[in-house]
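*Asks:* take a look and give me a structure for this.
(one chain, ligands or ions: 1)
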Amino acid sequence: MLEVRNLSHHYGDRQVLDDVSFEVAPGHLTGFVGANGAGKTTTMRAILGLIRPNSGEVLVNARSISNADRAGIGYMPEERGLYPKMKVHEQIVYFAQLHGVDKTSAAKRADELLERVGLAERRESKVEDLSLGNQQRAQICVALVHDPSILILDEPFSGLDPIAVEAVLAVLQERADAGAPVLFSSHQLEVVEKLSDDLVIISNGRVVAKGARQALQEQHSQGLYRFGIDDAGWIEQQPGVTIAGREGGDVIVHLAGDNSKAAAQQLLRQALERGAVHRFQRELVPLKTIFKEVR
Ligand SMILES: Nc1ncnc2c1ncn2[C@@H]1O[C@H](COP(=O)(O)OP(=O)(O)OP(=O)(O)O)[C@@H](O)[C@H]1O
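*Replies:* Numbers count the residues shown, from 1 in each chain. I've put the predicted structure just below:
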């Protein structure tokens, strides 16, 4: 378990982290989202020990994080740190060796990772000759080559095509399945929604929402139901019903009151009396909506 506890930090008289606390559970992919300048990179740097926060602490398995813990972190910094003139495979091996992996194992692991992220054919290319998306894939290999026990990734999916997103996700999931806590920041909310088990949302240096992604979505979706019915004109005339949206022939309704579950069943009965119901389900708001609500 990786835990950030009560982190606060100032740059000059500007407070950029204000009592930030959250946990990244082993085996979980935790999405870290927030607007530009919200404090994600600063938090990650504090975890890595690259800045010393004014107050607060970082814990690994309930103990203060040690240098050994930090050496075991796979970090993908926001400012990408590859050497442009170095060849891709050579570079990944070089970084693995910095983490104490012997050259033979590093070379083998680098080949495996390059294969996994679809970059094997470019192993002998100089980094500067790669497209930005491919440089990104190489950077991910660097973060993973020493089989890190914790992963901290600043925008790992930016600039990746959908196939590469899938490939990178599979590698991250594998590390998570091996028990690593994985924290990744991203502005691609639909990607975060798809990938993350847990969420931390930060706004102006404060954590404004956190927890299991599904639970957070459910919490923000109280009273929302989707009906697939041919004629929905009558539905908005019902007391306590407002139309929250229409999509692909479905109507999404919001049911007011504490017992929206019972109200939904009542509405379903009415709909069935009027004709066929092609679809009836609870509707989950997208992460984008939650993000706007809490920030
Ligand atoms: N070295 C620094 N000196 C002064 N201010 C800084 C420094 N680094 C970051 N900041 C400020 O701290 C705040 C938080 O920045 P941070 O990079 O942590 O945000 P972020 O959430 O990662 O943003 P983004 O999504 O744009 O990468 C910003 O207002 C930024 O300008």
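
*Asks:* and the nearest residue to residue 203 once chain neighbours are set aside, what does it touch?
*Replies:* Excluding its sequence neighbours, the residue lying closest to residue 203 (CB to CB, 6 or more residues apart in numbering) is residue 295, at 4.3 Å. Quick note: C-beta positions are derived from backbone N, CA and C, even for glycine. Neighbouring residues of residue 295 by CB atoms under 8 Å, 6 or more residues apart in numbering: 34-35, 201, 203, 208.

*Asks:* can you list the weak-confidence ranges in the stretch 51-200 of the chain?
*Replies:* Judged against pLDDT under 70, the stretch 51-200 of the chain has no low-scoring part.

*Asks:* make it 80
*Replies:* For the stretch 51-200 of the chain, the stretches with pLDDT under 80 are 79-80.

*Asks:* interface residues of it facing the ligand?
*Replies:* residue 78 (CB under 6 Å from any ligand atom).

*Asks:* for the ligand, what's its nearest residue on the stretch 51-200 of the chain.
*Replies:* Per CB to the nearest ligand atom, residue 78 is where the stretch 51-200 of the chain lies closest to the ligand, at 5.8 Å.

*Asks:* who wins for neighbours among the contacts of residue 295?
*Replies:* Greatest neighbour count in those, by other CB atoms under 10 Å, goes to residue 201: 25 neighbours.

*Asks:* please name the bridge partners of it.
*Replies:* residue 33, residue 209 (DSSP bridges).

*Asks:* that one touches residue 34, doesn't it?
*Replies:* Yes - at 6.2 Å, residue 201 and residue 34 qualify as touching, with contact defined as CB atoms under 8 Å.

*Asks:* near the ligand, from the contacts of residue 295?
*Replies:* Answer for the contacts of residue 295 near the ligand (CB under 6 Å from any ligand atom): residue 34.

*Asks:* how close does the residue nearest to residue 203 sit to residue 207?
*Replies:* According to CB to CB, to the nearest Å, residue 295 stands 11 Å off from residue 207.

*Asks:* likewise for residue 76?
*Replies:* 22 Å.

*Asks:* centre-most residue in the chain?
*Replies:* residue 31 (2.4 Å; CA atoms, centre = their mean).

*Asks:* what about it, which SS state?
*Replies:* Following DSSP: H, G, I helix; E, B strand; the rest coil, the label given to residue 31 is strand.

*Asks:* go on, residue 190?
*Replies:* The assignment at residue 190 comes out as helix when based on three-state DSSP.

*Asks:* all strands for the stretch 101-250 of the chain, in order.
*Replies:* Counting by DSSP state E, counting those that start in this stretch, the stretch 101-250 of the chain has strands at residues 150-154, 182-185, 198-203, 206-212, 224-229, 241-247, 250-255.

*Asks:* just put the ones you listed in JSON lines and tack on distance to residue 17.
*Replies:* Shown next, in JSON lines, are the strands of the stretch 101-250 of the chain (distance: least, CB to CB, whole Å):
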{"stretch": "strand 150-154", "distance to residue 17": "15"}
{"stretch": "strand 182-185", "distance to residue 17": "14"}
{"stretch": "strand 198-203", "distance to residue 17": "9"}
{"stretch": "strand 206-212", "distance to residue 17": "8"}
{"stretch": "strand 224-229", "distance to residue 17": "34"}
{"stretch": "strand 241-247", "distance to residue 17": "35"}
{"stretch": "strand 250-255", "distance to residue 17": "36"}
